[in-house]
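Undergrad: Quick one: sequence plus predicted model below, questions after.
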Amino acid sequence: MIRSIRTGLLLSATALALVAAPVVLNATPLSDLSALAGGKGNGNGNGNGNGGEKGNSGNGNSENATGGNGNSGGASNGNGGGNSAKSSNGNGASKKVAATELAPTVKANGKVQKTKNLNAQLAGLNSLNRNVNGLMNSNDKRMVLVREFVQAGADLSAASAALDQAGTLLGELQTTFDTYMTTYVGTAGLVAYDGSTVYDAPTLQGLTDRLAELDAAILADPTNQAAIDEQAILATALDAINASAELAAVAAQQGVVDGLDAEVAALEEATSEEALKAALLAAANKNRVAAGGDAYLTPEIMAWAQGKIDTLTADYIAQQ
């Protein structure tokens, strides 16, 4: 009778314990219910669950219950810290990586290399953040090529503007000369003996070529008087035209344009992308260049530097 009462009390206590315990069907197999009924020890669940398909729960130490590694159903990092009379599973909270977070780079040696922000990558190139006066008056030898690049950019701007102006003036002088030549030819009494239209819209090259044709015609037929007469008038006209002040002005201005054109070409070379890279590599930290070589100048660094150089050049031009 007493044994029956004890058994009933034990079963009642077990039922109450089951009701009070959290229902985790996936975490507590039915085969472990007997352990719940008989275990009195304190189970210290210090579980470190590995995130993934299954997390490993902590090892529960109990006087009667056999401690085992429980498999948690969810992907979580379990940290079981509480004392329990039952075998316990670690409670973990999964952490999601933000979509905008950059994944770290893993080197060949297995070490994780953190992605550096642009300022960290720039290092010595942050000197480009100084104002134009600070740059151009600096004694920093690393910045010599950068200063030369900015100076070349300013010179290129000035030379290009001068070339445009010189070209405009050359066009005006050419128009003046063309008008003079057309008028001269029209009043010189030049008529093509063979019906050529060379005198309708005369050019200096066209008149020169016509004189050569007349020389050939006369050589072929020394009795061709019409060709002889035209040749004499044309030769006189060409002598006057070639000696004119109008043509001299055109020739002089053409020389100016040619000189400026060559200067612009040289300055374009001095402000090329290759020249900018050379200036930046000279200004950068030597250890960065030694480690990465030309690859140190990533597209991001080049774009940033080009923007800074453009601003510095514009400021420098504004001060001239």
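TA: Nice, I can see it.
Undergrad: C-alpha only now, for contacts and for neighbours.
TA: Fine.
Undergrad: Look at L214 and report its pLDDT.
TA: L214 is assigned a pLDDT of 98 by the prediction.
Undergrad: can you check the one 3 residues further on too?
TA: Listed pLDDT for A217 reads 97.
Undergrad: Is it correct that it falls within a helix?
TA: Yes: under DSSP: H, G, I helix; E, B strand; the rest coil, A217 falls within a helix.
Undergrad: wait, L135 sits on R147?
TA: Yes: assessed by Cα atoms under 8 Å, L135 is found in contact with R147 at 6.9 Å.
Undergrad: so L214 is in which element?
TA: helix 204-220 (DSSP states H and E).
Undergrad: Could you export that helix as CSV, CA atoms only?
TA: What follows is helix 204-220, C-alpha atoms only, in CSV (Å, rounded to 0.1, in the frame of the first residue of the first chain):
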residue,chain,number,x,y,z
LEU,A,204,46.9,80.2,-104.2
GLN,A,205,47.5,76.5,-104.8
GLY,A,206,45.2,76.5,-107.7
LEU,A,207,47.0,79.4,-109.4
THR,A,208,50.3,77.8,-108.8
ASP,A,209,49.1,74.5,-110.4
ARG,A,210,47.7,76.5,-113.4
LEU,A,211,51.0,78.1,-114.0
ALA,A,212,52.7,74.7,-114.1
GLU,A,213,50.0,73.5,-116.7
LEU,A,214,50.7,76.5,-118.9
ASP,A,215,54.4,75.8,-118.8
ALA,A,216,53.8,72.2,-119.9
ALA,A,217,51.4,73.4,-122.7
ILE,A,218,54.0,75.9,-124.0
LEU,A,219,56.7,73.2,-123.9
ALA,A,220,54.5,70.9,-125.9
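Undergrad: I'd like to know which elements that helix is packed against.
TA: helix 225-242 (3 or more Cα pairs under 8 Å, 6 or more residues apart in numbering; DSSP states H and E).
Undergrad: buried set for the helix it packs on?
TA: For helix 225-242, burial by neighbour count (16 or more other Cα atoms under 10 Å) applies to 227-228, 230-231, 233-234, 237-238, 241.
Undergrad: for the helix or strand following that helix, which positions count as buried?
TA: Scanning forward in sequence from helix 225-242 by DSSP H and E, the next helix or strand is helix 245-270. Buried residues in helix 245-270, defined by neighbour count with 16+ other Cα under 10 Å: 246-247, 249-250, 253-254, 256-257, 260-261, 263-264, 267-268, 270.
Undergrad: For T208, state which of the buried residues of helix 225-242 is nearest.
TA: L238 (7.6 Å; Cα to Cα).
Undergrad: quick revisit: export the buried residues of helix 225-242 to JSON lines and tack on pLDDT and distance to V185?
TA: What follows is those, written out as JSON lines (pLDDT from 0 to 100; distance: Cα to Cα, whole Å):
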{"residue": "A227", "pLDDT": "97", "distance to V185": "17"}
{"residue": "I228", "pLDDT": "97", "distance to V185": "17"}
{"residue": "E230", "pLDDT": "97", "distance to V185": "12"}
{"residue": "Q231", "pLDDT": "97", "distance to V185": "13"}
{"residue": "I233", "pLDDT": "97", "distance to V185": "10"}
{"residue": "L234", "pLDDT": "98", "distance to V185": "8"}
{"residue": "A237", "pLDDT": "97", "distance to V185": "7"}
{"residue": "L238", "pLDDT": "97", "distance to V185": "9"}
{"residue": "I241", "pLDDT": "97", "distance to V185": "9"}
